[in-house]
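> coordinates only, sequence not included:
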């Protein structure tokens, strides 16, 4: 087992992981702000999570276009 090399992370998986970690951190921060201040910045939440949704849609569009072109059916590990 020690002789095996670690598999290189796919670019889209790294981006999705970073996006997920940011979303979790953002939600925790908003929960703390709500507990301390008693209010939350609704506009900030709306635009932050909306931007994450746009990013996920763009990644999905890239993946769909690669599959249709026959370039990335199962492996999208190439650098962007």
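Alright, I've got the coordinates. Please read all numbers here as calculations on a predicted model, not as lab measurements.
> Least confident secondary structure element in the chain?
helix 42-69 (a mean of 84; mean pLDDT, DSSP states H and E).
> Which parts of that one count as buried, going by neighbours?
For helix 42-69, burial by neighbour count (16 or more other Cβ atoms under 10 Å) applies to 59, 66. C-beta: built from backbone N, CA, C; applies to glycine.
> Now do it: which elements does it pack against?
For helix 42-69, the packing partners by 3 or more Cβ pairs under 8 Å, 6 or more residues apart in numbering; DSSP states H and E come out as helix 11-37.
> Against which helices or strands is the helix it packs on packed?
Contact partners of helix 11-37 among helices and strands, from 3+ Cβ pairs under 8 Å, 6+ apart: helix 42-69.
> Now do the helix it packs on and helix 11-37, the angle between them.
Angle of helix 42-69 versus helix 11-37, following axes from the mean of the first three to the mean of the last three Cα atoms, to 10 degrees, is 170 degrees.
> tell me the contacts of residue 32?
Listed by Cβ atoms under 8 Å, 6 or more residues apart in numbering, residue 32 has no contact partners.
> can you check residue 71 too?
No residues are in contact with residue 71 under the rule Cβ under 8 Å, 6+ apart.
> Does it belong to a helix, a strand or coil?
coil (DSSP: H, G, I helix; E, B strand; the rest coil).
> Kindly give the local confidence score, pLDDT, for it.
On pLDDT, residue 71 comes in at 72.
> what about it, distance to residue 28?
38 Å (Cβ to Cβ, to the nearest Å).
> Likewise for residue 55?
Applying Cβ to Cβ to residue 55 and residue 28 gives a distance of 20 Å.
> ditto for residue 16
According to Cβ to Cβ, residue 16 and residue 28 sit 19 Å apart.
> ok, these two, which is more surrounded?
A count of neighbours by other Cβ atoms under 10 Å puts residue 16 above the other of residue 16 and residue 28, at 14 against 10.
> If we ignore the residues flanking it in sequence, what's nearest the more buried one?
Spatial nearest neighbour of residue 16, excluding adjacent residues (Cβ to Cβ, 6 or more residues apart in numbering): residue 59 at 6.9 Å.
> what's near enough to touch that neighbour?
Applying Cβ under 8 Å, 6+ apart, we find residue 59 in contact with 12, 15-16.
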